[in-house]
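> got a sequence here, can you build the structure:
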Amino acid sequence: MNNTLISLDGLKKIFYTDEVETHALSNINMSIQKGDYVSISGPSGCGKSTLLSLLGLLDTPTEGNYILAGEDVSNISKNERARIRNQEIGFIFQSFNLISDLDVEENVELPLTYRNGLSGDQRKKMVREALEKVDMAHRTKHFPSQLSGGQQQRVAVARAIAGSPSIILADEPTGNLDTKNADAVMELLDQLHEQGSTICIVTHDPRSASRAMHNIELLDGAIIADKPLSVVREEPVMETAL
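Below is the predicted model:
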């Protein structure tokens, strides 16, 4: 039985501006298995966010193949990308990306409203279960401005998992949080992984990267290392500079 959820083969991304070519990603070959927990790390400008955008179908590769859940999504239409993204991928962003004039329940429910075949009662049930998982069910009628940063990120996690996506993509999920709230969010991701979620995070924080099963290191748009859990966990964790 094939357990591969994502497979990238020879993926390249080139940005063209004013006759200048910027090679953001070069010959990316990698796979993510169902139930995996992957971290992508590297210095600023190395291509981490570009790679996450391709994985999340927010952009298309210049060359190469991307297979997601057995389907070639390398060159599908914009509408098809949006449909698959809504069904298969849950996003967690550094800046939370909650809508200020929607309450917690409405923010979590919003992506579900774009899914065909879901009744209002079904959506409410999915939202309630997601908020319970992140311990925010008691805040359903609060607005983002009434929540702390850590609470907002918990709501963002609930929004990402409400639709039971095939994979959760997190872009610097602790970047705007203090150490205490950052640790709480990472513990929440650990719990979701233990419950069966497939997770891929982009992070500059070695402590966050070390929690993953695999750490993929990028440099100048290329993968320079793909270390399994045992190697990552055995290496000393460097504290980030203050």
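
> rest of the way, CA atoms for contacts and neighbours
Noted.

> which strand or helix spans the spatially most central residue of the chain?
Central residue of the chain (C-alpha atoms, centre = their mean): residue 169, 1.0 Å from the mean position. Counting by DSSP states H and E, the element that carries residue 169 is strand 167-171.

> what pairs with that strand, and is each one parallel or antiparallel?
Note on strand 167-171: by DSSP bridges, its sheet partners are strand 89-93 (parallel), strand 199-202 (parallel).

> for the top helix by length along the chain, what is the average pLDDT?
For the chain, the longest helix by residue count, based on DSSP state H, is helix 179-194. Regarding helix 179-194, the rounded mean pLDDT is 93.

> residues of that helix that come out buried?
Under the neighbour-count criterion of 16 or more other C-alpha atoms under 10 Å, helix 179-194 has 181, 182, 183, 185, 186, 188, 189, 190, 192, 193 buried.

> bridging residues for the residue nearest to the centre of the chain?
residue 91, residue 200.

> ok, now residue 15?
residue 22.

> from what I see, it and residue 23 are in contact.
Yes: in this structure, residue 15 is within contact of residue 23 by C-alpha atoms under 8 Å, at 6.6 Å.

> other SSEs contacting the helix or strand harbouring residue 52?
Using DSSP H and E, residue 52 maps to helix 48-55. Applying 3 or more C-alpha pairs under 8 Å, 6 or more residues apart in numbering; DSSP states H and E, we find helix 48-55 packed against strand 20-33, strand 167-171, strand 199-202.

> could these go into CSV alongside distance to residue 147 and mean pLDDT?
Formatted as CSV, the helices and strands packed on helix 48-55 follow (distance: least, C-alpha to C-alpha, whole Å; pLDDT from 0 to 100):
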stretch, distance to residue 147, mean pLDDT
strand 20-33, 34, 94
strand 167-171, 20, 96
strand 199-202, 24, 96
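
> could I get these as CSV with distance to residue 83?
Converted to CSV, those look like this (distance: least, C-alpha to C-alpha, whole Å):
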stretch, distance to residue 83
strand 20-33, 21
strand 167-171, 15
strand 199-202, 20
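
> can you tell which of these is closest to residue 42?
strand 199-202 (8.9 Å; C-alpha to C-alpha).

> mind listing the helices for this structure?
Under DSSP H, the chain gives helices at 48-55, 78-88, 104-109, 120-133, 149-161, 179-194, 206-209, 229-234.

> all set, thanks.
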